[in-house]
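*Asks:* next come a sequence and a model predicted from it.
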Amino acid sequence: MDKKPKYIVGIDEVGRGPIAGPVAVCSFIITLNNYESLINNGQNDLKIKIKDSKKLSKKQREKWYEYLKNEKNNERCNFFVSYVSAENIDKFGIVKAINKSLETSLLKIVSNPKDTFVYLDGGLRAPEQFIYQETVIKGDELHPVISFASIVAKVSRDKVMYNYSKEYPKYSFENHVGYGTKAHYEAIKKYGVLDIHRKSFLN
């Protein structure tokens with residue numbers, strides 16, 4: 001591109017594999033000028049190196065999440081998490097559902113695509129109007145801005161699943177957060193399929 005972008009965005013999704021609950025897609029945006037200081041200040045304050053959310057402990061993820069939420073409240077960055085329900089995953093298929101959710105989250109935080117460079121994890125793609133974009137395999141390990149999106153998506157989705165555990169205590173969602181563990185399948189067999197189960201994943 002001819003000029004440096006004003007903004008940098010990282011996008012990641014969490015919850016593609018579970019048999020219950022939503023997929024969460026997070027778009028995380030920050031100005032290029034503030035990017036390095038957000039990384040360095042966070043690592044110095046928390047004493048936790050920024051990594052893909054899967055490589056951080058639950059406690060470490062939550063500390064990073066609180067730090068990023070505070071930065072957002074102070075208008076030094078912004079993020080938005082869009083959810084795809086189990087019903088829509090069954091209706092449209094996982095790929096189409098994730099793409100729609102990605103577009104929703106991205107358009108919530110970006111006012112001018114031409115000022116923005118978007119980094120996406122894995123096989124994700126941004127809508128065509130985002131002419132400056134790059135899909136990066138294992139991007140959540142290589143680009144901190146994708147790691148930020150990964151952390152926010154993971155902590156946000158876990159909170160949703162913890163709330164479901166209060167509504168449906170017999171299914172132990174607080175332990176497996178919707179993944180198809182042995183205990184989860186046994187609960188389905190014993191108590192039945194819920195509205196938040198992905199029927200297409202159970203066939």
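*Replies:* Okay, I see it.
*Asks:* now the residue most central in space within the chain, what's its secondary structure?
*Replies:* The residue lying closest to the centre of the chain (CA atoms, centre = their mean) is Ala153, at 2.6 Å. Following DSSP: H, G, I helix; E, B strand; the rest coil, we place Ala153 in the helix state.
*Asks:* quick check: the gap between it and Leu106.
*Replies:* 13 Å (CB to CB, to the nearest Å). The way it works is simple: take the backbone N, C-alpha and C, and place the C-beta from them, glycine included.
*Asks:* ok, Tyr164 next?
*Replies:* Tyr164 sits 26 Å away from Leu106, going by CB to CB.
*Asks:* next one: Glu174
*Replies:* Distance of Glu174 to Leu106, given as CB to CB: 30 Å.
*Asks:* give me the pLDDT value at Met1.
*Replies:* pLDDT recorded at Met1 is 49.
*Asks:* whoops, Glu141 was the one
*Replies:* Glu141 is given a pLDDT of 87.
*Asks:* ok, Gln43 next?
*Replies:* pLDDT, read off for Gln43, is 96.
*Asks:* can you give me the end-to-end span of stretch 76-91?
*Replies:* Counting by CA to CA, to the nearest Å, you get 38 Å between the two ends of stretch 76-91.
*Asks:* pLDDT of it, averaged?
*Replies:* 96.
*Asks:* for stretch 100-109, same thing?
*Replies:* Stretch 100-109 shows an average pLDDT of 94 in the prediction.
*Asks:* now do that stretch: distance to the chain's middle.
*Replies:* 12 Å (CA atoms, centre = their mean, to the nearest Å).
*Asks:* so the residue nearest to the centre of the chain makes contact with Val81?
*Replies:* Yes - counting by CB atoms under 8 Å, Val81 is a contact partner of Ala153 at 6.0 Å.
*Asks:* shared neighbours of the two, which are they?
*Replies:* 24-26 (CB atoms under 8 Å, 6 or more residues apart in numbering).
*Asks:* and the helix or strand of the chain with the lowest mean pLDDT, what other elements does it pack with?
*Replies:* Ranked by mean pLDDT, DSSP states H and E, the helix or strand of the chain with the weakest confidence is helix 139-142, at a mean of 86. Packing partners of helix 139-142 (3 or more CB pairs under 8 Å, 6 or more residues apart in numbering; DSSP states H and E): strand 7-14, strand 116-121, helix 144-167.
*Asks:* the ones you listed: which one's closest to Asn99?
*Replies:* Closest to Asn99 of these is strand 7-14 (CB to CB; 10.0 Å).
*Asks:* name the helices or strands packed onto that closest one?
*Replies:* strand 23-31, helix 32-46, helix 94-109, strand 116-121, helix 139-142, helix 144-167.
*Asks:* still on that earlier bit, buried subset of the shared contacts of Ala153 and Val81, written for ChimeraX?
*Replies:* Selection of buried members from these for ChimeraX, criterion 16 or more other CB atoms under 10 Å:
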select :24,25,26
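*Asks:* and which of the shared contacts of Ala153 and Val81 is nearest to Ser111?
*Replies:* Cys26 (18.0 Å).
*Asks:* show me the residues around that closest one that make contact.
*Replies:* 11-14, 79-82, 105, 149-150, 152-153, 156.
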